[in-house]
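Peer 1: Provide a 3D model corresponding to the input given below.
(2 chains)
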Amino acid sequence: MILERGDFALLLDALQKTHQVIGPTIRDGAIVYDELSSATDLPIGWTDEQDGGTYRLKRRNDEALFGYVVGPQSWKRFLHVPRQRLWQATQNENGIQITPEPQATHRMAFIGIRSCELHAIAIQDNVFLHDQFTDTFYQARRENVFLVAVNCGQAGGTCFCVSMNTGPKATSGFDLALTEVLEDGQHYFVVEAGTANGQLLLNELSQRAASNEEQQKAEAISAQTATQMGRTMDTAGIKELLAQNLEHPRWDDVANRCLTCANCTMVCPTCFCTTVEDVTDLTGEHAERWRRWDSCFTMDFTYLHGGSVRASNKSRYRQWMTHKLSSWIDQFGSSGCVGCGRCITWCPVGIDITEEVRAIRGKE
Amino acid sequence: MVIAPEKQFINSPTDPMLPQPYRIERVRRETHDVFTLELRPANGTPVMQFAPGQFNMLYVFGTGESAISISGDPNDTNRLIHTVRAVGTVTNAMQKLKRGDCIGVRGPFGTPWPIVEAEGSDVVIVTGGIGLAPLRPVIYHVLANREKYGRFALLFGARSPRDLLFARELEQWRGHFDFNVEVTLDTASSDWRGNVGVVTTLIPRTQFDARHTVAMICGPEVMMRFTVQELMKRGLTTDQIFVTMERNMKCAVGFCGHCQYGPHFVCKDGPVFPFDRIAGLFGKREI
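Peer 2: Numbering: from 1, shown residues only, chains lettered A, B, ... in the order given. Below is the predicted model of the structure:
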């Protein structure tokens, strides 16, 4: 189907009737995901330039709605929220009463999810929904979300989804997928429905079918994007490569550069680690447990009586990278990396996971 | 006893993240820094069933949680028993609790000791210090089902006489003609007439048939490393040796990531591992 740029607002309007609509918008010099009140909140006519440790917004010479790649945030902040109260408790002479936390019930629609991010959501689904235990906090949000993907019209400087087989074209896991076409003064979206819900909404917008030519144009855009990847990673045998190189000298080298600031884990769309905080009020009779994002780069993360298991920078960087690219495969059957490049862009010293893999392979 | 991984839902009526209130029936002081809690559900529900080797997350109101192995008899349906060493914020606060106080319990979590697989074999338990606590349920089980097992040995090492955990029970166990209990101390004054030296020194003189033996080890990692070496010198293979690992734990259900040990989540893939599953990681620093 074809959705004209002039009718884009119809899509948002239709979703806003039943969903909280969340999508890209500009804040503090970066593209972030937040609630959209209308299409004018989108970063219209903006793009981004990314490289190791560098992120800049730049004006485009057109009025594209999605003419950029991914920013510092990912959708995990809405599904696996940064802070979640798990329960509350009171203590009195009768003992302890523990009250479970009610579930989120609101419906969200995500607009502008990139293919790598759809894969990241599927990876977190494996962690929270498809393993031995199910996290119903995640489940409640996840089941009520409507996913509108956008196929990237360009790749970023730190992108490597082609290497990770996660993009740039969204192939599954979405309700609707859009490809934005800007050509010869025309501006429209080629829209594909991935689910019955997506199809229903599409019918509501009563748009015309895409011509063969328009469909080919959309395909060509994705194919073109695939050739522009700013980074590449050779993933052949990577599980064994890292598992067999836990003592490689490169870990010392990267440890000398790594600040263990945890930025890479915060921006990573698949990193799921959390810690808990037990808090009480001043009376001491009311207590709560909160779960919040944590990072394997912190010293506390592996604290046992007597000290931390991973006390050195080297061991903490090694843990993160070997988990992401190797032991994740043992645990969940897929890589924990989707090639979005955020960890490279947002590393304050520009450590590049693709470069580290190359070094361990011995192809520097 | 293999616990089939049952699908469990967070925030459901049987939410594994939600502590259940238990009341302290009794506090027993074991050594200068170790104590045992006897617990019963505060709301009158049945005491949880567990398999030897499993652990619970114990919650001290307003202070926090700690992963503590279950040290009681798996056949005792009246009480839940935990033996705790006071070493951190939570366990020190737990030490101050008294009979009648409430504590939050969630669990049981983790993999059990191979007590079914070990039937028909000799069983050798090697423990150090508080490491005896997670193996006490195995001792109860084997003694209660003595005919199902071959020779049975407990090799226990403690730091000093004042660290002798379950001393009265150790003496009682030594009274069995078919249970070889050996105790050694790292250091002792001249009035100690027993063994002195690390626990591994007891292994060469312990009787077992290496071809038909299951060894279960719990202690500090360095102790477990040397114990594995000694047992292998005696002819055991890595699939006959089981160890229990300890890592920082927050959730106990594989979500928080803290307890990762290479590809393993110690909370749900462990804490008890056949040694061959972790041999490649064991002894590597800071994994």
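Peer 1: The residue positioned nearest the centre of chain A sits in which helix or strand?
Peer 2: Chain A has residue A:269 as the residue nearest its centroid, 3.1 Å off, counting by C-alpha atoms, centre = their mean. For residue A:269, there is no enclosing helix or strand under DSSP states H and E.
Peer 1: Next: residue B:227.
Peer 2: In the assignment (DSSP H and E), residue B:227 maps to helix B:221-233.
Peer 1: name the helices or strands packed onto that helix?
Peer 2: Judged by 3 or more C-beta pairs under 8 Å, 6 or more residues apart in numbering or on different chains; DSSP states H and E, helix B:221-233 is in contact with strand B:122-128, strand B:213-218, strand B:241-244. Backbone N, C-alpha and C define where each C-beta goes, glycine included.
Peer 1: Bridged to the spatially closest residue to residue B:219 that is not a sequence neighbour, which residues?
Peer 2: Nearest residue to residue B:219, sequence neighbours excluded (C-beta to C-beta, 6 or more residues apart in numbering or on different chains): residue B:128, at 3.1 Å. Beta-bridge partners of residue B:128, counted by DSSP bridges, are residue B:157.
Peer 1: I figured residue B:128 was touching residue B:155, is that so?
Peer 2: No. Using C-beta atoms under 8 Å, residue B:128 is not in contact with residue B:155; the gap is 9.4 Å.
Peer 1: and for these two, which residues touch both?
Peer 2: residue B:199 (C-beta atoms under 8 Å, 6 or more residues apart in numbering or on different chains).
Peer 1: if I've got this straight, residue A:148 is in a strand?
Peer 2: Yes. Looking at residue A:148 with DSSP: H, G, I helix; E, B strand; the rest coil, it is inside a strand.
Peer 1: and it, what does it touch?
Peer 2: Residues near residue A:148 by C-beta under 8 Å, 6+ apart: A:11, A:15, A:109, A:110, A:111, A:112, A:113, A:174, A:175, A:176, A:177, A:178.
Peer 1: same question, residue A:220
Peer 2: Contacts of residue A:220 by C-beta under 8 Å, 6+ apart: none found.
Peer 1: The stretch 151-300 of chain A against chain B: which residues are in contact?
Peer 2: Contact residues, the stretch 151-300 of chain A versus chain B (C-beta under 8 Å from any C-beta of the partner chain): A:243, A:246-247, A:272-276, A:278-280, A:284, A:287, A:291, A:294, A:296.
Peer 1: From those residues, which land in strands?
Peer 2: Among those, the ones falling in strands (DSSP state E) are A:274, A:275, A:276, A:278, A:279, A:280, A:287, A:291.
Peer 1: Show me how to select, in PyMOL, the buried members of the residues you listed.
Peer 2: Buried members of those, defined by 16 or more other C-beta atoms under 10 Å in any protein chain shown, are picked up in PyMOL with:
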select buried, chain A and resi 274+275+276+278+287+291
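Peer 1: Let me see the contact set for the residue nearest to residue B:212 when sequence neighbours are not counted.
Peer 2: Distances taken as C-beta to C-beta, 6+ apart place residue B:121 nearest to residue B:212, at 4.7 Å, with adjacent residues excluded. Listed by C-beta under 8 Å, 6+ apart, the contact set of residue B:121 reads B:149, B:150, B:212, B:213, B:214.
Peer 1: Next one: residue B:121 from chain A, what distance?
Peer 2: 29 Å (C-beta to the nearest C-beta, to the nearest Å).
Peer 1: hang on, residue A:341 packs against residue A:232?
Peer 2: No. With contact defined as C-beta under 8 Å, residue A:341 does not reach residue A:232; the gap is 11.2 Å.
Peer 1: what's the overlap in contacts for these two?
Peer 2: residue A:160.
Peer 1: neighbour-wise, which of those two wins?
Peer 2: More crowded of residue A:341 and residue A:232, by other C-beta atoms under 10 Å in any protein chain shown: residue A:341, with 29 against 15.
Peer 1: Contact partners for the more buried one?
Peer 2: Taking C-beta under 8 Å, 6+ apart, we find residue A:341 in contact with A:50, A:69, A:70, A:156, A:157, A:158, A:159, A:160, A:230, A:231.
Peer 1: Name the member of the contacts of residue B:121 with the most neighbours.
Peer 2: residue B:214 (25 neighbours).
Peer 1: Surely it touches residue B:240?
Peer 2: Yes. Counting by C-beta under 8 Å, residue B:240 is a contact partner of residue B:214 at 5.7 Å.
Peer 1: Output the contacts of residue B:121 in TSV; the columns should cover pLDDT.
Peer 2: TSV is the format used below for the contacts of residue B:121 (pLDDT from 0 to 100):
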residue	pLDDT
B:149	98
B:150	98
B:212	98
B:213	98
B:214	98
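Peer 1: Kindly indicate which of these lies nearest chain A.
Peer 2: Within the contacts of residue B:121, the smallest distance to chain A is 25.5 Å, found for residue B:214 (C-beta to the nearest C-beta).
Peer 1: Any idea what that closest one is bridged to?
Peer 2: With DSSP bridges as the rule, residue B:214 is bridged to residue B:123.
Peer 1: returning to that earlier point: ok, now how distant is the residue nearest to residue B:212 from residue B:216?
Peer 2: Going from residue B:121 to residue B:216 by C-beta to C-beta, to the nearest Å gives 11 Å.
Peer 1: try residue B:204
Peer 2: 18 Å.
Peer 1: try residue B:64
Peer 2: When residue B:64 is compared with residue B:216 (using C-beta to C-beta), they lie 30 Å apart.
Peer 1: and the nearest residue to residue B:255 once chain neighbours are set aside, what are its phi and psi?
Peer 2: Excluding its sequence neighbours, the residue lying closest to residue B:255 (C-beta to C-beta, 6+ apart) is residue A:135, at 6.0 Å. With angles defined as degrees, to the nearest 10, residue A:135 sits at phi -90, psi 110.
Peer 1: Any chance of a markdown table for the ones in strands among the residues of the stretch 151-300 of chain A next to chain B, columns pLDDT?
Peer 2: As requested, these are exported to a markdown table (pLDDT from 0 to 100):
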| residue | pLDDT |
| --- | --- |
| A:274 | 98 |
| A:275 | 97 |
| A:276 | 94 |
| A:278 | 94 |
| A:279 | 92 |
| A:280 | 93 |
| A:287 | 97 |
| A:291 | 97 |
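Peer 1: tilt between the strand or helix carrying residue A:87 and strand A:274-280?
Peer 2: Assigned by DSSP H and E, residue A:87 belongs to strand A:83-92. On the basis of axes from the mean of the first three to the mean of the last three C-alpha atoms, to 10 degrees, strand A:83-92 is oriented at 30 degrees to strand A:274-280.
Peer 1: is chain B contacted by strand A:83-92?
Peer 2: Yes. Using C-beta under 8 Å from any C-beta, strand A:83-92 reaches chain B at A:86, A:87, A:89, A:91.
Peer 1: taking those residues as a set, which two sit the farthest apart in space?
Peer 2: A:86 and A:91 (16.9 Å; C-beta to C-beta).
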